[in-house]
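Chemist: Got a predicted structure here, sequence first:
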Amino acid sequence: MARVVVDVMLKPEILDPQGQAVHGALTRLGLTGVASVRQGKRFEIEFEGPVDAAQVDQLAETLLANTVIEDYRITHEDA
Amino acid sequence: MPARIAAVTFPGSLDDRDALRAVALAGAEPVALWHGERKLPDVDGVVLPGGFSYGDYLRCGAIARFSPVMDAVIKGAHEGLPVLGICNGFQILCESHLLPGALIRNDVRKFVCRDQRLRIENADTAWTSQYASQQEILIPLKNGEGGFVADERTLDALEAEGRVVARYLDDNPNGSYRDIAGITNEQGNVVGLMPHPEHAVEPLTGPSTDGLAFFTSLVRRLVTA
């Protein structure tokens, strides 16, 4: 079964309040030395047959990521 | 015949009934529109209401944008149909690329619910012609992901073309770039607004009746057309 992983992250210039909140919590837990935290999304998609790479690109571009504010990276993991 | 203005109900919409009520108070005929419809009924305008369509899963408005009715709304908007997106509706308009930019989580990391002063900066859109330019209004605001962002070039273009419809006065509630509370498309028929004019249409329930003019603007436009 073919598997594709799509990682979606806010673009570096976009403020990430969730990442900041996590960063704040780490500090309260006593973890020092953390410079920053950015939070993103990971999609694991399994295909019944072979993967149509162009279709995955389109899926990431139109639905999984909003490219106005987010970047995505597609990784093909062959079983 | 009165103007007919629809409000779409998505799964998770909250303010569809308030939008329909505002339409009626403005003197138009309210038309309830289900998100599963593939065709628009005979209407003169469409409101995409506030709420949490599809539970805000993935991103606010990202899944609603692919609702069957949105194909018809997007097509209509490109042909000049007046469309007003409020709050979640604004998010849906950005996800649909009918409006530029995007809305992200409030910089204050809290859901903000309060009465908000705004300045109407573009009183020439289909939805704001009954305001005076630079008029200050007070209407409710309630959002968790209301921070309007866009790249500098887009923001500069919005300003230069007079497409900033409303700006926050006093404290910026959510970190929106350049205090932007609402914008319009190039044609002025599509407007997205984060605060809620439909909650400020009656003295009993709103902080003012300042929101009603969004709806009367469209009614008036149709009468004089």
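Modeler: Here it is on my side, so go on. Numbering: from 1, shown residues only, chains lettered A, B, ... in the order given.

Chemist: could you pull out the strands for the chain?
Modeler: By default, I'm working from chain A. Per DSSP state E, chain A carries strands over the ranges A:2-10, A:40-47, A:70-77.

Chemist: right idea, wrong chain: chain B
Modeler: Along chain B, counting by DSSP E, strands occupy B:4-9, B:29-34, B:45-48, B:83-86, B:102-104, B:112-120, B:136-143, B:147-149, B:164-168, B:180-184, B:190-193.

Chemist: can you list the ones you listed in CSV and add mean pLDDT?
Modeler: Formatted as CSV, these follow (pLDDT from 0 to 100):
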stretch, mean pLDDT
strand B:4-9, 98
strand B:29-34, 98
strand B:45-48, 98
strand B:83-86, 98
strand B:102-104, 97
strand B:112-120, 98
strand B:136-143, 98
strand B:147-149, 97
strand B:164-168, 98
strand B:180-184, 98
strand B:190-193, 98
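
Chemist: Out of those, which gets nearest to chain A?
Modeler: Among the strands of chain B, the nearest to chain A by Cβ to the nearest Cβ is strand B:102-104 (4.5 Å). Using the backbone N, CA and C atoms, a C-beta is placed for each residue, glycine as well.

Chemist: hmm, the closest one in reach of chain A?
Modeler: Yes: using Cβ under 8 Å from any Cβ of the partner chain, strand B:102-104 reaches chain A at B:Ala102, B:Ile104.

Chemist: Okay, buried residues for stretch B:209-223 please.
Modeler: B:209-222 (16 or more other Cβ atoms under 10 Å in any protein chain shown).

Chemist: Run through who's touching it.
Modeler: B:2-3, B:5, B:22-23, B:25-28, B:44-45, B:82, B:84, B:125-131, B:137-139, B:193, B:196-203 (Cβ atoms under 8 Å, 6 or more residues apart in numbering or on different chains).

Chemist: ChimeraX command for the buried members of those residues?
Modeler: To isolate the buried ones among these in ChimeraX, judged by 16+ other Cβ under 10 Å, type:
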select /B:3,5,22,23,25,26,28,44,45,82,84,125,126,127,128,129,130,131,137,138,139,193,196,197,198,199,200,201
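
Chemist: What residues of stretch B:70-89 count as buried?
Modeler: Result for stretch B:70-89 [16+ other Cβ under 10 Å]: buried residues B:70, B:72-74, B:76-77, B:81-89.

Chemist: Quick one: end-to-end distance for it.
Modeler: End-to-end distance of stretch B:70-89 (Cα to Cα, to the nearest Å): 11 Å.

Chemist: so how far is it off the chain centroid?
Modeler: 10 Å (Cα atoms, centre = their mean, to the nearest Å).

Chemist: how big is the angle separating the longest helix seen in chain A from strand A:40-47?
Modeler: Taking DSSP state H as the criterion, chain A has its longest helix at helix A:17-28. Calculated by axes from the mean of the first three to the mean of the last three Cα atoms, to 10 degrees, helix A:17-28 forms an angle of 120 degrees with strand A:40-47.

Chemist: any idea of the angle helix A:17-28 forms with strand A:2-10?
Modeler: When the same axes, to 10 degrees is applied, the directions of helix A:17-28 and strand A:2-10 differ by 80 degrees.

Chemist: Is helix A:17-28 positioned near chain B?
Modeler: Yes: shown here: helix A:17-28 in contact with chain B (Cβ under 8 Å from any Cβ) through A:Pro17, A:Gln18, A:Gln20, A:Ala21.

Chemist: can you give me phi and psi for the residue of chain A most remote from its centre?
Modeler: The C-alpha centroid of chain A is most remote from A:Gly30, which lies 26.8 Å away (Cα atoms, centre = their mean). A:Gly30 has phi and psi values of phi 90, psi 10 when expressed as degrees, to the nearest 10.

Chemist: which residues touch the longest helix of chain A?
Modeler: A:Val34, A:Ser36, A:Val37, A:Arg38, A:Gln39, B:Ile104, B:Arg105, B:Asn106, B:Asp107, B:Val108, B:Arg109.

Chemist: what residues are up against the second one?
Modeler: Right, A:Ser36. A:Gly19, A:His23.

Chemist: who in chain B is up against chain A?
Modeler: Residues of chain B lying near chain A (Cβ under 8 Å from any Cβ): B:58-59, B:62, B:66, B:94-95, B:100-102, B:104-109, B:147, B:149-150, B:175.
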